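Colleague: Next one to model:
(chains A and B)
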Amino acid sequence: MERQMGSSTRIEKGTTIVDIVGQIDLGSSPALRKTLLETLNGTKSVAINLSAVRYIDSSGIASLVEVLREARNSEKRLVLFGVTGAVLQVLQLTRLTGVFEICETEEQALNA
Amino acid sequence: MDFHLKLIVPSDPRFLSIARAVVSEVSVMCSLSEELRLGITLAVDEALANIIRHAYKNRYDQEIELNCQAGPNQIVFTLLDRGEPPDPARICGQPLDDVSLSGRGTHLMKAIMDEVHYDRVPGGNQVRLIKRLPVVTKG
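Modeller: Purely as a prediction, here's the structure:
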(Lines give C-alpha, C1' and ligand atoms only; values in the text may rest on other atoms or scores of the structure.)
Protein backbone atom coordinates (compact mmCIF):
# COMPACT_ATOMS: atom_id res chain seq x y z
CA MET A 1 0.00 0.00 0.00
CA GLU A 2 1.28 3.43 -0.96
CA ARG A 3 2.41 4.99 2.36
CA GLN A 4 3.46 8.47 1.37
CA MET A 5 0.80 11.00 0.61
CA GLY A 6 1.16 12.91 -2.61
CA SER A 7 -0.97 15.34 -4.53
CA SER A 8 -1.07 17.08 -7.87
CA THR A 9 -3.43 19.55 -9.46
CA ARG A 10 -4.86 20.01 -12.94
CA ILE A 11 -7.61 22.08 -14.46
CA GLU A 12 -10.57 20.64 -16.32
CA LYS A 13 -13.57 22.64 -17.51
CA GLY A 14 -12.74 25.53 -15.20
CA THR A 15 -12.47 23.33 -12.11
CA THR A 16 -9.20 22.68 -10.33
CA ILE A 17 -8.88 18.99 -9.64
CA VAL A 18 -6.65 17.84 -6.80
CA ASP A 19 -5.55 14.23 -7.21
CA ILE A 20 -4.45 12.74 -3.91
CA VAL A 21 -2.65 9.43 -3.47
CA GLY A 22 -1.53 7.42 -0.48
CA GLN A 23 -2.45 7.63 3.16
CA ILE A 24 -3.67 10.72 4.98
CA ASP A 25 -2.86 10.74 8.68
CA LEU A 26 -1.51 12.98 11.42
CA GLY A 27 1.83 13.18 9.64
CA SER A 28 0.56 14.09 6.19
CA SER A 29 -2.69 15.96 6.85
CA PRO A 30 -0.99 19.34 7.54
CA ALA A 31 0.57 19.29 4.07
CA LEU A 32 -2.75 18.29 2.56
CA ARG A 33 -4.53 21.11 4.36
CA LYS A 34 -1.99 23.62 3.09
CA THR A 35 -2.24 22.35 -0.48
CA LEU A 36 -6.03 22.38 -0.51
CA LEU A 37 -6.32 25.87 1.01
CA GLU A 38 -3.77 27.26 -1.43
CA THR A 39 -5.59 25.61 -4.30
CA LEU A 40 -8.93 26.97 -3.16
CA ASN A 41 -7.43 30.42 -2.94
CA GLY A 42 -6.72 30.43 -6.64
CA THR A 43 -9.95 29.08 -8.07
CA LYS A 44 -13.73 29.20 -7.82
CA SER A 45 -14.24 25.46 -7.94
CA VAL A 46 -12.24 22.55 -6.49
CA ALA A 47 -12.81 18.86 -7.02
CA ILE A 48 -10.85 16.49 -4.79
CA ASN A 49 -10.11 13.08 -6.25
CA LEU A 50 -9.89 10.55 -3.42
CA SER A 51 -9.93 7.39 -5.55
CA ALA A 52 -6.25 6.68 -4.84
CA VAL A 53 -6.42 7.42 -1.12
CA ARG A 54 -6.14 4.14 0.78
CA TYR A 55 -6.43 5.52 4.29
CA ILE A 56 -7.67 8.64 6.01
CA ASP A 57 -7.95 9.41 9.70
CA SER A 58 -9.75 12.11 11.65
CA SER A 59 -6.96 14.64 11.05
CA GLY A 60 -7.42 14.14 7.31
CA ILE A 61 -11.16 14.55 7.71
CA ALA A 62 -10.58 17.71 9.73
CA SER A 63 -8.49 19.09 6.88
CA LEU A 64 -11.30 18.42 4.42
CA VAL A 65 -13.83 20.03 6.76
CA GLU A 66 -11.66 23.10 7.17
CA VAL A 67 -11.35 23.49 3.42
CA LEU A 68 -15.09 23.02 3.06
CA ARG A 69 -15.70 25.77 5.59
CA GLU A 70 -13.38 28.09 3.71
CA ALA A 71 -15.09 27.23 0.44
CA ARG A 72 -18.49 28.05 1.90
CA ASN A 73 -17.23 31.28 3.43
CA SER A 74 -15.87 32.41 0.11
CA GLU A 75 -18.82 31.04 -1.89
CA LYS A 76 -16.71 28.59 -3.81
CA ARG A 77 -17.54 25.03 -4.77
CA LEU A 78 -15.87 22.00 -3.21
CA VAL A 79 -16.76 18.51 -4.34
CA LEU A 80 -15.27 15.11 -3.50
CA PHE A 81 -15.21 12.20 -5.92
CA GLY A 82 -13.79 8.69 -5.98
CA VAL A 83 -14.87 8.16 -2.40
CA THR A 84 -14.67 4.43 -1.69
CA GLY A 85 -13.32 1.89 0.76
CA ALA A 86 -11.65 3.21 3.87
CA VAL A 87 -12.40 6.85 2.99
CA LEU A 88 -16.10 6.18 2.59
CA GLN A 89 -16.14 4.21 5.82
CA VAL A 90 -14.61 7.08 7.78
CA LEU A 91 -16.95 9.66 6.24
CA GLN A 92 -19.89 7.44 7.13
CA LEU A 93 -18.69 6.88 10.70
CA THR A 94 -18.28 10.62 11.19
CA ARG A 95 -21.63 11.25 9.46
CA LEU A 96 -20.13 13.66 7.00
CA THR A 97 -21.41 12.05 3.80
CA GLY A 98 -24.35 14.46 3.90
CA VAL A 99 -22.16 17.48 4.58
CA PHE A 100 -19.87 17.28 1.57
CA GLU A 101 -20.95 17.31 -2.05
CA ILE A 102 -19.84 13.84 -3.19
CA CYS A 103 -19.87 12.48 -6.73
CA GLU A 104 -18.91 9.03 -7.93
CA THR A 105 -16.78 10.02 -10.88
CA GLU A 106 -14.73 12.92 -12.14
CA GLU A 107 -17.15 13.43 -15.00
CA GLN A 108 -20.06 13.74 -12.60
CA ALA A 109 -18.07 16.13 -10.41
CA LEU A 110 -17.30 18.39 -13.37
CA ASN A 111 -20.77 18.32 -14.86
CA ALA A 112 -22.92 18.54 -11.72
CA MET B 1 -5.67 -17.87 18.09
CA ASP B 2 -4.14 -16.50 21.32
CA PHE B 3 -1.11 -14.26 21.31
CA HIS B 4 0.40 -11.17 22.80
CA LEU B 5 2.32 -8.66 20.73
CA LYS B 6 4.14 -5.62 22.04
CA LEU B 7 5.43 -2.73 19.98
CA ILE B 8 7.25 0.40 21.09
CA VAL B 9 6.19 3.19 18.77
CA PRO B 10 8.09 6.49 18.64
CA SER B 11 5.73 9.42 19.14
CA ASP B 12 6.61 10.62 15.65
CA PRO B 13 3.70 10.67 13.15
CA ARG B 14 5.98 9.13 10.53
CA PHE B 15 5.71 5.85 12.41
CA LEU B 16 1.92 5.73 12.40
CA SER B 17 1.83 3.92 9.07
CA ILE B 18 4.10 1.23 10.49
CA ALA B 19 1.89 0.77 13.52
CA ARG B 20 -1.15 0.60 11.23
CA ALA B 21 0.51 -2.07 9.11
CA VAL B 22 1.15 -4.16 12.22
CA VAL B 23 -2.42 -3.80 13.47
CA SER B 24 -3.76 -4.60 10.02
CA GLU B 25 -1.69 -7.77 9.79
CA VAL B 26 -2.75 -8.80 13.30
CA SER B 27 -6.36 -8.45 12.14
CA VAL B 28 -5.64 -10.64 9.15
CA MET B 29 -4.10 -13.27 11.45
CA CYS B 30 -7.30 -13.21 13.49
CA SER B 31 -9.30 -13.79 10.29
CA LEU B 32 -11.26 -10.59 10.70
CA SER B 33 -13.36 -9.17 7.90
CA GLU B 34 -12.03 -6.33 5.76
CA GLU B 35 -14.45 -3.93 7.42
CA LEU B 36 -13.34 -4.95 10.92
CA ARG B 37 -9.71 -4.77 9.91
CA LEU B 38 -10.13 -1.23 8.59
CA GLY B 39 -12.07 -0.18 11.64
CA ILE B 40 -9.65 -1.57 14.20
CA THR B 41 -6.68 -0.12 12.34
CA LEU B 42 -8.35 3.28 12.35
CA ALA B 43 -9.24 3.10 16.04
CA VAL B 44 -5.69 2.23 17.11
CA ASP B 45 -4.28 4.89 14.81
CA GLU B 46 -6.59 7.49 16.34
CA ALA B 47 -5.50 6.46 19.82
CA LEU B 48 -1.85 6.80 18.87
CA ALA B 49 -2.46 10.18 17.25
CA ASN B 50 -4.26 11.43 20.35
CA ILE B 51 -1.31 10.43 22.51
CA ILE B 52 1.11 12.23 20.23
CA ARG B 53 -0.94 15.40 20.11
CA HIS B 54 -2.36 15.63 23.60
CA ALA B 55 -0.34 13.48 26.00
CA TYR B 56 2.99 14.35 24.46
CA LYS B 57 2.02 17.80 23.10
CA ASN B 58 3.51 16.92 19.71
CA ARG B 59 6.87 15.92 21.07
CA TYR B 60 8.26 13.43 18.61
CA ASP B 61 10.97 12.03 20.85
CA GLN B 62 8.81 10.04 23.25
CA GLU B 63 7.60 6.46 23.25
CA ILE B 64 4.22 4.77 23.15
CA GLU B 65 3.87 1.15 24.16
CA LEU B 66 1.31 -0.62 22.03
CA ASN B 67 0.17 -4.02 23.26
CA CYS B 68 -2.14 -6.39 21.47
CA GLN B 69 -3.71 -9.30 23.30
CA ALA B 70 -5.67 -11.53 20.97
CA GLY B 71 -7.97 -14.31 22.11
CA PRO B 72 -10.78 -16.35 20.63
CA ASN B 73 -13.48 -13.94 21.79
CA GLN B 74 -11.87 -10.53 21.74
CA ILE B 75 -8.87 -8.52 20.80
CA VAL B 76 -7.55 -5.88 23.18
CA PHE B 77 -5.17 -3.07 22.33
CA THR B 78 -3.55 -1.33 25.26
CA LEU B 79 -1.58 1.86 24.72
CA LEU B 80 0.68 3.26 27.41
CA ASP B 81 2.29 6.67 27.49
CA ARG B 82 4.16 8.80 29.98
CA GLY B 83 2.64 12.10 29.01
CA GLU B 84 0.02 14.46 30.31
CA PRO B 85 -3.26 12.94 31.47
CA PRO B 86 -6.19 13.30 29.07
CA ASP B 87 -8.65 16.13 29.49
CA PRO B 88 -11.93 14.52 30.65
CA ALA B 89 -13.91 16.87 28.43
CA ARG B 90 -11.85 15.95 25.41
CA ILE B 91 -12.29 12.19 25.79
CA CYS B 92 -16.05 12.51 25.70
CA GLY B 93 -16.04 12.57 21.93
CA GLN B 94 -17.39 15.00 19.40
CA PRO B 95 -21.15 15.34 18.89
CA LEU B 96 -21.85 14.05 15.42
CA ASP B 97 -24.02 16.92 14.34
CA ASP B 98 -21.29 19.47 14.82
CA VAL B 99 -19.07 20.17 11.85
CA SER B 100 -16.11 21.21 13.89
CA LEU B 101 -12.45 20.53 13.38
CA SER B 102 -11.63 18.47 16.43
CA GLY B 103 -12.82 15.57 18.53
CA ARG B 104 -13.68 13.14 15.79
CA GLY B 105 -10.82 10.84 16.69
CA THR B 106 -12.30 9.98 20.06
CA HIS B 107 -15.71 9.54 18.50
CA LEU B 108 -14.29 7.16 15.90
CA MET B 109 -12.61 5.05 18.57
CA LYS B 110 -15.85 4.74 20.52
CA ALA B 111 -17.91 4.07 17.41
CA ILE B 112 -15.62 1.30 16.21
CA MET B 113 -14.53 -0.49 19.38
CA ASP B 114 -16.88 -2.14 21.83
CA GLU B 115 -15.13 -0.66 24.84
CA VAL B 116 -12.72 2.23 25.33
CA HIS B 117 -11.19 2.73 28.77
CA TYR B 118 -8.91 5.52 29.95
CA ASP B 119 -6.92 4.97 33.11
CA ARG B 120 -4.08 6.59 34.98
CA VAL B 121 -1.29 4.13 35.71
CA PRO B 122 1.95 4.63 37.63
CA GLY B 123 4.01 7.06 35.61
CA GLY B 124 1.53 7.66 32.85
CA ASN B 125 -1.69 6.87 31.06
CA GLN B 126 -3.32 3.81 29.62
CA VAL B 127 -6.04 3.51 27.04
CA ARG B 128 -7.59 0.14 26.32
CA LEU B 129 -9.50 -0.60 23.15
CA ILE B 130 -11.55 -3.78 23.21
CA LYS B 131 -13.24 -5.39 20.25
CA ARG B 132 -15.32 -8.50 20.69
CA LEU B 133 -14.85 -10.88 17.85
CA PRO B 134 -17.61 -12.49 15.80
CA VAL B 135 -18.49 -15.99 16.93
CA VAL B 136 -17.40 -18.55 14.38
CA THR B 137 -19.94 -21.34 14.13
CA LYS B 138 -18.73 -24.71 13.02
CA GLY B 139 -20.91 -26.12 10.28
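Colleague: OK, contacts around the closest residue to chain B within chain A?
Modeller: Nearest residue of chain A to chain B: residue A:27, at 3.2 Å (C-beta to the nearest C-beta). For the C-beta atoms, the positions are set from N, CA and C on the backbone; glycine is no exception. Listed by C-beta atoms under 8 Å, 6 or more residues apart in numbering or on different chains, the contact set of residue A:27 reads B:12, B:13, B:14, B:16, B:17.
Colleague: Need the three-state assignment for it.
Modeller: Assigned with DSSP: H, G, I helix; E, B strand; the rest coil, residue A:27 falls in the coil class.
Colleague: quick one, strands of chain B?
Modeller: Here chain B has its strands, by DSSP state E, at B:3-10, B:63-70, B:74-81, B:115-121, B:124-132.
Colleague: if we can go back for a sec, of the contacts of residue A:27, just say which sits nearest to chain A.
Modeller: Nearest to chain A among the contacts of residue A:27: residue B:13, at 3.2 Å, using C-beta to the nearest C-beta.
Colleague: before we move on, the earlier item: near chain A, list only the ones from the contacts of residue A:27.
Modeller: B:12, B:13, B:14, B:16, B:17 (C-beta under 8 Å from any C-beta of the partner chain).
Colleague: so how many other residues sit close to the third one?
Modeller: Around residue B:14 sit 13 other residues, with neighbours defined as other C-beta atoms under 10 Å in any protein chain shown.
Colleague: Who are the contact partners of it?
Modeller: residue A:27.
Colleague: ditto for the first one
Modeller: Listed by C-beta under 8 Å, 6+ apart, the contact set of residue B:12 reads A:27, B:52, B:60, B:61.
Colleague: so what pLDDT did the nearest residue to the second one once chain neighbours are set aside get?
Modeller: Here the nearest residue to residue B:52 in space, its sequence neighbours aside, is residue B:11; by C-beta to C-beta, 6 or more residues apart in numbering or on different chains that works out to 4.9 Å. Note on residue B:11: pLDDT of 98.
Colleague: Residue A:1 now?
Modeller: So residue A:1 comes in at 54 (pLDDT).
Colleague: One more: residue B:127?
Modeller: 97.
Colleague: swap in residue B:135?
Modeller: 76.
Colleague: hmm, back to that, out of the strands of chain B, deepest packed?
Modeller: Of all the strands of chain B, strand B:74-81 carries the top mean neighbour count, a mean of 21, counting by mean count of other C-beta atoms under 10 Å in any protein chain shown.
Colleague: and it with strand B:124-132, angle?
Modeller: Relative orientation of strand B:74-81 versus strand B:124-132 (axes from the mean of the first three to the mean of the last three C-alpha atoms, to 10 degrees): 170 degrees.
Colleague: Please determine whether strand B:74-81 lies in contact with chain A.
Modeller: No. Judged by C-beta under 8 Å from any C-beta, strand B:74-81 and chain A are separated, with a smallest distance of 14.5 Å.
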